[in-house]
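Structural data only, the sequence is not supplied:
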């Protein structure tokens, strides 16, 4: 699978560990530079998400529906097997994981890849209306505008 993911390039040690299921190498690699470990797991998560997203790429679009389902199940299964390594890595960093999380969110924000969505609970905690209250306040005004 890794050569398809990597566009035919020779896989790196990280790619072999994450995409070719080399758990021995993964156990060793997660003790490396935290920024590298973090970025590699984000790559795994992003690649897995893209492969099972509702907008299949050329590779999966050509597959029959039942095979696409099996591929998705296999990807989810392999991701679930790798995530305990990521959770162990995160725990090993203690509170300093917050710095990596914030740096990654900043990177996503700069690339316009993330949107923050706050629910009504945030508004209510700040003294604003609930969703239902907001809708009921706005309906009469909206109906007046539609006349």
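Sure, I can see it. Bear in mind that the values here come from a model prediction, so they are computed numbers and not experimental data. Numbers count the residues shown, from 1 in each chain.

Next one: residue 135 relative to residue 76, how far apart?
Noted for residue 135: a distance of 37 Å to residue 76, by Cβ to Cβ, to the nearest Å. Quick note: C-beta positions are derived from backbone N, CA and C, even for glycine.

And for stretch 123-140, what's in contact with it?
With Cβ atoms under 8 Å, 6 or more residues apart in numbering as the test, stretch 123-140 has contacts from 119, 120.

In the helix ranked longest in the chain, which of the residues would be classed as buried?
Scanning the chain for the longest helix, with DSSP state H as the assignment, gives helix 65-93. Using 16 or more other Cβ atoms under 10 Å as the test for burial, helix 65-93 gives 71, 72, 75, 78, 79, 82, 85, 86, 89, 90.

Put together a markdown table for these, with distance to residue 28 and pLDDT on each row.
Shown next, in a markdown table, are the buried residues of helix 65-93 (distance: Cβ to Cβ, whole Å; pLDDT from 0 to 100):
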| residue | distance to residue 28 | pLDDT |
| --- | --- | --- |
| 71 | 29 | 78 |
| 72 | 30 | 81 |
| 75 | 24 | 83 |
| 78 | 19 | 84 |
| 79 | 20 | 85 |
| 82 | 14 | 89 |
| 85 | 11 | 90 |
| 86 | 15 | 90 |
| 89 | 12 | 90 |
| 90 | 17 | 90 |
